[in-house]
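Peer 1: The sequence isn't on hand, but the structure is:
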Ligand code: 3PG
């Protein structure tokens, strides 16, 4: 196909399409420093090419300049945790839409996207089972003393506190119940009934959740409200022995205060899928009760890559062809 077709989208914040001729081929760039599984890229290619668009790939890039060069002629971008800031948006002269194949979109400068008349979307729910499975995997690893051969404990019968009951939190609850855990959740934005329907006990403050549970699993996004919010005062509520599992974002942790608490409490363990800035120091100080994955692995499964990657491609096609902005996050 030598051209692509686009319906006029009459939205104030989206770029006017009048200048796009019928003879332009829409270019969709997949820019992933941490690449999708090949099978997911094949699926994305199929969706993009079926729509008559061209697919470009920038994987495992090591310098921002490579991203700046690659976005120059892209009409749409699919990213993961890749940073899309003012500089990237300014370099992407043709860009109309960026889709974060995943849940958290703290890596996109939403105000800058809006200013550049670029629609930003995520693909909620598509990788949540993968992240939830990893959270439980990290939990088992921690309570079995990082598989060092000594006797650990089981998850059965233990109280698990889920901090934020979104897509990942709900999957964690489902899997934890399979382990026989007693599941509690706190989420200021989720009605109690959604938790009750999932056989989860709702609590009404973060303090109460941390006071009630020996194990806490974090599923809050990184926002102005949540950054640094997991601090000494909150974590001090946890009964001994305590285990904090983080498959959310490192920015939500107040690292200095976590370190202080772990120095004071030898019962406190921390396992995370997002390496802290103080990783080396924490490895030295807390051997046997601290672990960080070398690279964020939560969504790193073929299934999650296929789900999120193909959803992103479909959302781009649906946006260009029908003006669908259902998953827009910079409204
Ligand atoms: C998400 O927000 O969807 C997860 O943190 C996964 O991020 P990733 O695509 O960078 O692995």
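Peer 2: Looks like it came in fine. This is a predicted model, so every value here is computed, not measured. Numbering: from 1, shown residues only.
Peer 1: and residue 237, what element?
Peer 2: Residue 237 belongs to no helix or strand when assigned by DSSP states H and E.
Peer 1: so what's it up against?
Peer 2: Residues counted as contacts of residue 237 (C-beta atoms under 8 Å, 6 or more residues apart in numbering) are 207, 210, 211. All C-beta spots, glycine's among them, are computed from the backbone N, C-alpha and C.
Peer 1: Now with 10 Å, please.
Peer 2: 205, 206, 207, 208, 209, 210, 211, 212, 213, 216 (C-beta atoms under 10 Å, 6 or more residues apart in numbering).
Peer 1: I'd like to know which of the residues you listed are part of helices.
Peer 2: Among the contacts of residue 237, the members found in helices (DSSP state H) are 206, 207, 208, 209, 210, 211, 212.
Peer 1: got the contact list for residue 116?
Peer 2: Residues near residue 116 by C-beta under 10 Å, 6+ apart: 13, 15, 86, 88, 89, 90, 92, 93, 95, 96, 98, 109.
Peer 1: Looking at those residues, spot the one nearest the ligand.
Peer 2: Nearest to the ligand among those: residue 98, at 13.8 Å, using C-beta to the nearest ligand atom.
Peer 1: The closest one falls within a strand, correct?
Peer 2: Yes: assessed with DSSP: H, G, I helix; E, B strand; the rest coil, residue 98 lies in a strand.
Peer 1: Contacts only, for it.
Peer 2: Here residue 98 is in contact with 29, 31, 71, 74, 76-79, 82, 84, 88-89, 92, 105, 108, 113, 116, 118-122, 312, 316, 330 (criterion: C-beta under 10 Å, 6+ apart).
Peer 1: Would you check that residue 188 makes contact with residue 204?
Peer 2: Yes: taking C-beta atoms under 10 Å as the definition, residue 188 is a contact partner of residue 204 at 8.7 Å.
Peer 1: Surely residue 261 touches residue 238?
Peer 2: Yes: using C-beta under 10 Å, residue 261 is in contact with residue 238, at 9.2 Å.
Peer 1: between the two, what contacts are shared?
Peer 2: Here residue 261 and residue 238 have 244, 268 as joint contacts, going by C-beta under 10 Å, 6+ apart.
Peer 1: In terms of helices and strands, where is residue 137?
Peer 2: Assigned by DSSP H and E, residue 137 falls in helix 128-143.
Peer 1: how far out from the middle of the chain is that helix?
Peer 2: In terms of C-alpha atoms, centre = their mean, to the nearest Å, the centre of helix 128-143 is set 15 Å apart from its chain centre.
Peer 1: elements contacting that helix?
Peer 2: strand 159-163, helix 167-178, strand 215-218, strand 242-246, strand 268-272, strand 290-292, helix 302-322 (3 or more C-beta pairs under 10 Å, 6 or more residues apart in numbering; DSSP states H and E).
Peer 1: between those, which one is nearest to residue 138?
Peer 2: For the helices and strands packed on helix 128-143, the distance to residue 138 is smallest for strand 268-272, at 4.4 Å, taking C-beta to C-beta.
Peer 1: ok, that closest one: who's next to it in the sheet?
Peer 2: Strand pairing for strand 268-272, using DSSP bridges, gives strand 242-246 (parallel), strand 290-292 (parallel).
Peer 1: Report the mean per-residue pLDDT for the shortest one.
Peer 2: Put plainly, it is strand 290-292. Mean pLDDT, taken over the full extent of strand 290-292, equals 98.
Peer 1: got the contact list for that strand?
Peer 2: Under C-beta under 10 Å, 6+ apart, the answer for strand 290-292 is 138, 141-142, 146, 246, 250, 258-259, 262, 268-276, 278-279, 281-284.
Peer 1: can you list the domain ranges for the protein.
Peer 2: 4-126+301-322, 128-292 (automatic domain parsing).
Peer 1: tell me the phi and psi of the residue of the chain found nearest the ligand?
Peer 2: Across the chain, the shortest distance to the ligand (C-beta to the nearest ligand atom) belongs to residue 102, at 2.5 Å. With angles defined as degrees, to the nearest 10, residue 102 sits at phi 160, psi -170.
Peer 1: what's the burial count for it?
Peer 2: For residue 102, the neighbour count with other C-beta atoms under 10 Å is 26.
Peer 1: what does residue 284 give?
Peer 2: Neighbours of residue 284 (other C-beta under 10 Å): 10.
Peer 1: Quick check: it vs residue 290, distance?
Peer 2: 9 Å (C-beta to C-beta, to the nearest Å).
Peer 1: Then residue 33?
Peer 2: 25 Å.
Peer 1: Which one of the two is surrounded by more residues?
Peer 2: residue 290 (23 against 16).
Peer 1: beta partners of that one?
Peer 2: Under the criterion used (DSSP bridges), residue 290 bridges to residue 270.
Peer 1: Give the ChimeraX command for selecting the buried subset of the contacts of residue 237.
Peer 2: Buried subset of these, written as a ChimeraX selection, criterion 16 or more other C-beta atoms under 10 Å:
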select :206,209,210,212,213,216
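Peer 1: JSON lines for the contacts of residue 237, including pLDDT and distance to residue 49?
Peer 2: Shown next, in JSON lines, are these (pLDDT from 0 to 100; distance: C-beta to C-beta, whole Å):
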{"residue": "205", "pLDDT": "98", "distance to residue 49": "51"}
{"residue": "206", "pLDDT": "98", "distance to residue 49": "47"}
{"residue": "207", "pLDDT": "98", "distance to residue 49": "52"}
{"residue": "208", "pLDDT": "98", "distance to residue 49": "52"}
{"residue": "209", "pLDDT": "99", "distance to residue 49": "47"}
{"residue": "210", "pLDDT": "99", "distance to residue 49": "50"}
{"residue": "211", "pLDDT": "98", "distance to residue 49": "54"}
{"residue": "212", "pLDDT": "98", "distance to residue 49": "52"}
{"residue": "213", "pLDDT": "98", "distance to residue 49": "48"}
{"residue": "216", "pLDDT": "99", "distance to residue 49": "45"}
